[in-house]
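**Student:** Whatever this is, show me its structure:
(chains A and B)
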Amino acid sequence: GEDVEQSLFLSVREGDSSVINCTYTDSSSTYLYWYKQEPGAGLQLLTYIFSNMDMKQDQRLTVLLNKKDKHLSLRIADTQTGDSAIYFCAESPYNFNKFYFGSGTKLNVKP
Amino acid sequence: KAGVTQTPRYLIKTRGQQVTLSCSPISGHRSVSWYQQTPGQGLQFLFEYFSETQRNKGNFPGRFSGRQFSNSRSEMNVSTLELGDSALYLCASSQDRGTPYEQYFGPGTRLTVT
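**Tutor:** Residues are numbered from 1 along each chain as shown, chains lettered A, B, ... in the order given. Take a look at the predicted model:
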C-alpha cells in the first residue's frame, strides 16, 4: 500500500512561519490532503492539492508539491499559539475514497 | 448543519469481549469510513461503506466488521477484543459526489481494553 511519512515534531515561535513536510510513494494520480487534529478532537480538513498541481494558497496556508521527489509541504504563515496541534498529511488515489495517513507532525508554538 | 457524531465517546472493555461503536454522518453524506488511531501505528484505514455496502477495506483481521444502514448511519464491531485494540476509533463521512473526497471526521470513540 501507499506509504506516507512525516517528521514527528516541530517547534516554532509565535509569529514565525512553520513548514511541515511529508513524503508519499504513490506514483499514480492522487489527491494530497492536510488535516489538523487538536487534543480530544477529530481531524479537521485544512486543504488539499491534486498531484498535477505545484502550489495552492489559502489564506495563511501554502501547500507546495514537488512531484519528482514526491514531497509535500504545508507552510503556515504568522503561526499563532492556536495553531498548536498535530498535522496529518494524507493521500487518496484518484477516484478512491480510501485515505493513507502519515504519522502526524506535532507542532508546538511558543509564545 | 450538524457534524459527524460518534457514540459512545469513551468505552472500557475486557479482553475477549465484543464492542459496537456507532457513527452518524453529516446529513446528506452517503459514505462513511472508519479509522483506528494509535500512538504506535498512527491512523489506519479500517473500511468504507457506501449505500449499505462495504466499498473499500483496509488490512485488519476479520474480528473487525462494520455495517451501514439505509439512513447512512454506520456501526463497527470488534469481536474477541485484544489489548492491542485499545485505540481512538474515528469515523469520517463524505458526500461522495466526485473527487476530491472531502472527509469530515467525528471526535472519535476512545476504546480501552483491559
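**Student:** switch to C-alpha atoms for all contacts and neighbour counts from now on
**Tutor:** Fine.
**Student:** what does stretch A:5-20 contact?
**Tutor:** Residues outside stretch A:5-20 that contact it (C-alpha atoms under 8 Å, 6 or more residues apart in numbering or on different chains) are A:21-24, A:73-81, A:87, A:89, A:102-111.
**Student:** Need the three-state assignment for residue B:100.
**Tutor:** The three-state label given to residue B:100 by DSSP: H, G, I helix; E, B strand; the rest coil is coil.
**Student:** Could you give the bridge partners of the closest residue to it other than its chain neighbours?
**Tutor:** Residue nearest to residue B:100 in three dimensions, not counting chain neighbours: residue A:31, with 6.8 Å by C-alpha to C-alpha, 6 or more residues apart in numbering or on different chains. Assessed by DSSP bridges, residue A:31 has beta-bridge partners residue A:50, residue A:92.
**Student:** contacting residues for the residue in chain B that chain A sits nearest to?
**Tutor:** As assessed by C-alpha to the nearest C-alpha, chain A sits closest to residue B:107 within chain B, at 4.1 Å. Residues near residue B:107 by C-alpha under 8 Å, 6+ apart: A:40, A:41, A:42, A:43, B:4, B:5, B:6, B:9, B:90.
**Student:** hmm, try it at 6 Å
**Tutor:** Residues near residue B:107 by C-alpha atoms under 6 Å, 6 or more residues apart in numbering or on different chains: A:41, A:42.
**Student:** For it, what are phi and psi?
**Tutor:** Dihedral pair for residue B:107: phi -80, psi -10, per degrees, to the nearest 10.
**Student:** Could you pull out the strands in the chain for me?
**Tutor:** Assuming you mean chain A. Assigned by DSSP state E, chain A shows strands spanning A:4-6, A:9-13, A:18-24, A:30-37, A:43-50, A:55-58, A:61-66, A:71-76, A:85-93, A:100-101, A:105-110.
**Student:** hmm, I had chain B in mind actually
**Tutor:** B:5-7, B:10-13, B:19-24, B:31-38, B:42-50, B:53-57, B:64-68, B:74-78, B:87-94, B:104-105, B:109-113.
**Student:** Quick one: the ones you listed as TSV, columns for mean neighbour count too.
**Tutor:** Shown next, in TSV, are the strands of chain B (neighbours: other C-alpha atoms under 10 Å in any protein chain shown):
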stretch	mean neighbour count
strand B:5-7	20
strand B:10-13	14
strand B:19-24	20
strand B:31-38	24
strand B:42-50	23
strand B:53-57	15
strand B:64-68	20
strand B:74-78	20
strand B:87-94	26
strand B:104-105	24
strand B:109-113	19
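**Student:** low-confidence ranges in the chain?
**Tutor:** I'll assume chain A. Within chain A, the stretches with pLDDT under 70 are A:1-2, A:27.
**Student:** wait, I meant chain B there
**Tutor:** B:1, B:97-99.
**Student:** 80 - rerun?
**Tutor:** For chain B, the stretches with pLDDT under 80 are B:1-2, B:40, B:96-101.
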